[in-house]
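Chemist: test case, fold it:
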Amino acid sequence: MIITLSSDITPEQLQSLSALIGSFGYKLTEVKTQGGRYLVAVGSAEFDIRLVGKAPGVSDVHRVSDAYKLVSRKWRVTPTVIDLGGETHVHEGDLTLIAGPCAIESEEQVRSVVSHLKRNGVAIMRGGAFKPRTSPYAFRGLGLEGLKMFHSIASQAGIKVISEVVSPGHIAEMYPYIDIFQVGARNSQNFDLLGELGKVDKPVLLKRAMAGTLEELLQSAEYIFSSGNEKLILCERGVRTSEPSYRNALDLNAIPALKEKSHLPVIVDPSHGVGVRRWVEPVALAAIMAGADGIIFEVHKHPEEALSDGAQTLNYLQSERLIRRARAAFQFRRGL
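Modeler: Reported below is the predicted structural model:
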């Protein structure tokens, strides 16, 4: 059960309400976010929910049976809108495009990609400064100085920045240079990191774990929301299987399933989802037709020279074609 508290609830009213709900054997957790103040009540006893709904200081109340409650669509039927400032939003009913290199490599590279995105009307650029790599000998990013450079160039061009955070200790130093924190598949169940991201007032894009279920993804999102941050974006990026023909199996079924289960926007990463450059476009278009609210893909001027994930990265010509066809697919979907 989720109780939305009135903005003017008094301490006495809150104490009385807590006692009432506690009398039914429910465990209470208070949650304060940028958008409101809530009580999450967990229990199994049956009682008349109207007793809570009419209590002083209560704005609304909903029964939510899901283990993930705050991210569930059962209590918030209005889809969440992520406002990045200006005219940049991520939400249902629109198509958000996010593109950029896997890793930030140099100032020249960033300026080139920023120029490419501006020409094609893409408002959000991805780029890793701290890279969690499978091999300890692989390029692991330029770190904070690289992120500062990335942010400076992108912000001057009016482009928002999304970059991966890999450690709770990096959050504070990255904060001034980030518009969206990205949590990668390897950290999707790093609950210390998720809890700390719940304390920041910036959006978080949360990727599905490499072998994670949808419920596990939603539970991870619940960690962030319950810690105080409801600016969340879910990202389907494929799951690892035994099939060696491609990097991951992009789960298109996850898109309508997540949108039915949660009020959060759902975007898709076709680059990591398939891992093969020539297949990125068709699976991206399929994701849009399946109802995705956006796509995030990798682009580099010379993918063959990329220091990270070159095999799944598009060149500028391929990127321009995908952007054009993605928008056409979205308009076609809207007309169905």
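
Chemist: residues touching residue 21, list them.
Modeler: Residue 21 makes contact with 1, 3, 28, 39, 41, 52, according to CB atoms under 8 Å, 6 or more residues apart in numbering. Glycine gets a C-beta too; all of them are placed from N, C-alpha and C.

Chemist: 10 Å instead, please
Modeler: Listed by CB atoms under 10 Å, 6 or more residues apart in numbering, the contact set of residue 21 reads 1, 3, 27-28, 39, 41, 43, 47, 51-52, 55, 61.

Chemist: make a markdown table out of the residues you listed and add distance to residue 204 and secondary structure.
Modeler: A markdown table is the format used below for the contacts of residue 21 (distance: CB to CB, whole Å; DSSP: H, G, I helix; E, B strand; the rest coil):
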| residue | distance to residue 204 | secondary structure |
| --- | --- | --- |
| 1 | 25 | coil |
| 3 | 24 | strand |
| 27 | 26 | strand |
| 28 | 25 | strand |
| 39 | 23 | strand |
| 41 | 25 | strand |
| 43 | 29 | coil |
| 47 | 35 | coil |
| 51 | 36 | helix |
| 52 | 30 | helix |
| 55 | 33 | coil |
| 61 | 27 | strand |
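
Chemist: quick one: which of the residues you listed is most hemmed in?
Modeler: residue 3 (25 neighbours; other CB atoms under 10 Å).

Chemist: where does the nearest residue to that residue once chain neighbours are set aside land on pLDDT?
Modeler: If the residues on either side of it in the chain are set aside, residue 3 comes closest to residue 39, at 4.2 Å by CB to CB, 6 or more residues apart in numbering. What the model reports for residue 39 is a pLDDT of 97.

Chemist: and if you look at residue 77?
Modeler: pLDDT, read off for residue 77, is 88.

Chemist: with adjacent residues omitted, what lies nearest to residue 123?
Modeler: Among residues not flanking residue 123 along the chain, residue 88 sits closest, at 4.7 Å (CB to CB, 6+ apart).

Chemist: same deal with residue 175?
Modeler: Spatially, and ignoring its direct neighbours in sequence, residue 175 is nearest to residue 200 (6.5 Å; CB to CB, 6+ apart).

Chemist: same question for residue 10.
Modeler: The shortest distance from residue 10 to any residue other than its chain neighbours is 6.7 Å, reached at residue 57 (CB to CB, 6+ apart).

Chemist: where along this protein do the helices fall?
Modeler: Defined through DSSP state H, the helices belonging to the chain, from first to last, are 11-22, 50-53, 107-119, 143-156, 171-174, 191-197, 214-226, 254-261, 270-274, 277-289, 316-335.

Chemist: buried stuff in the third one?
Modeler: So the one you mean is helix 107-119. Of the residues in helix 107-119, those buried under the neighbour-count criterion (16 or more other CB atoms under 10 Å) are 109-110, 112-114, 116-117.

Chemist: so where is the protein shaky, pLDDT-wise?
Modeler: In the prediction, the chain carries residues with pLDDT under 70 at positions 132-140.

Chemist: specify the beta-bridge partners of residue 90.
Modeler: Applying DSSP bridges to residue 90 yields these beta-bridge partners: residue 82.

Chemist: run a quick neighbour tally on it.
Modeler: Other residues lying near residue 90 total 26 when counted by other CB under 10 Å.

Chemist: tell me how this protein divides into domains.
Modeler: 2-62, 82-335 (automatic domain parsing).

Chemist: what is the spatially closest residue to residue 165 that is not a sequence neighbour paired to in the beta sheet?
Modeler: The shortest distance from residue 165 to any residue that is not its chain neighbour, by CB to CB, 6+ apart, is 5.0 Å, and that residue is residue 181. Beta-bridge pairing of residue 181, defined through DSSP bridges, involves residue 163, residue 204.
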